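In: Next come a sequence and a model predicted from it.
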Amino acid sequence: MKPGYYLADGSTRVPSVTTIIGRFKDAGGLIHWAWKLGTEGKDYRAVRDEAADAGTLAHKAVEAWIRKLEFAWPTEPAETVKRAETAFGAFKQWAKQTRLKVTDTEVAMVSERWRFGGRMDAILVQGKRSIGDWKSSASIYPEYLLQIAAYGKLWEETHPAEPVKGGYHLLRFDKEYGDFHAHWWPELEAAWEAFQHLRRLYDLDKELKARAK
């Protein structure tokens, strides 16, 4: 199977949800972070790769839980692991209360109409089809809403018999403390409208780059 996302003709490749959003993502914060590390004599790549924060650990534990796999918790750093385990416990309690059920994992979908693709876990919350995602971050960012809104449209186009009636869930694990936060929106039409503009801009940007050679 060829990597990437293709239309039904098998030859037309289309961008992914994250590629489209990432193309226009504000990188100012990341640039400042890398610059600050540089002034301290640190390589941002090494810091990034060695980071083992509580949120990331909790996120990995959730991914293993979703796929019914055992997760091997590290022993160090002890305080970070403790925070991650607490966050994972909070997630499992939320999953129990909401009757969370993951029906399919890593579902690959392509929109023939909007010409983009994506991959997500299919979930039911309180028995209703919902769109959900898991993030390890310091905050909630607008691009997260664009991402799950686009996943919702992908799902409804490719699974018309299973409409999204349970809204959109975003579960966040704080990177430093591992705190667990559950967010829910009944609809994300504004986010979907914004994503449509980014999809069109993605093609225009590609065309302009070709002409600017």
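Out: Nice, thanks for sending it over.
In: wait, isn't residue 90 in contact with residue 178?
Out: No. Shown here, residue 90 and residue 178 do not form a contact pair, counting by C-beta atoms under 8 Å, at 9.0 Å. All C-beta spots, glycine's among them, are computed from the backbone N, C-alpha and C.
In: ok, these two, which is more surrounded?
Out: Neighbours per residue, other C-beta atoms under 10 Å: of residue 90 and residue 178, the larger number sits with residue 178, 26 against 18.
In: Roughly how far does the more buried one sit from residue 41?
Out: Shown here: residue 178 relative to residue 41, a distance of 29 Å by C-beta to C-beta, to the nearest Å.
In: Could you tell me which residues within stretch 15-29 count as buried?
Out: For stretch 15-29, a neighbour-count test (16 or more other C-beta atoms under 10 Å) marks 15-17, 20-21, 25 as buried.
In: Check the offset of the helix or strand harbouring residue 58 from the chain's centre.
Out: Assigned by DSSP states H and E, residue 58 falls within helix 54-66. Chain-centre distance of helix 54-66: 13 Å, with C-alpha atoms, centre = their mean, to the nearest Å.
In: Show me where the protein has its strands.
Out: Remark: strands assigned in the chain by DSSP state E are 5-6, 13-14, 101-111, 116-125, 128-137, 168-174, 180-185.
In: Surely residue 107 touches residue 123?
Out: No. The pair residue 107 / residue 123 is not scored as a contact, 10.2 Å apart, by C-beta under 8 Å.
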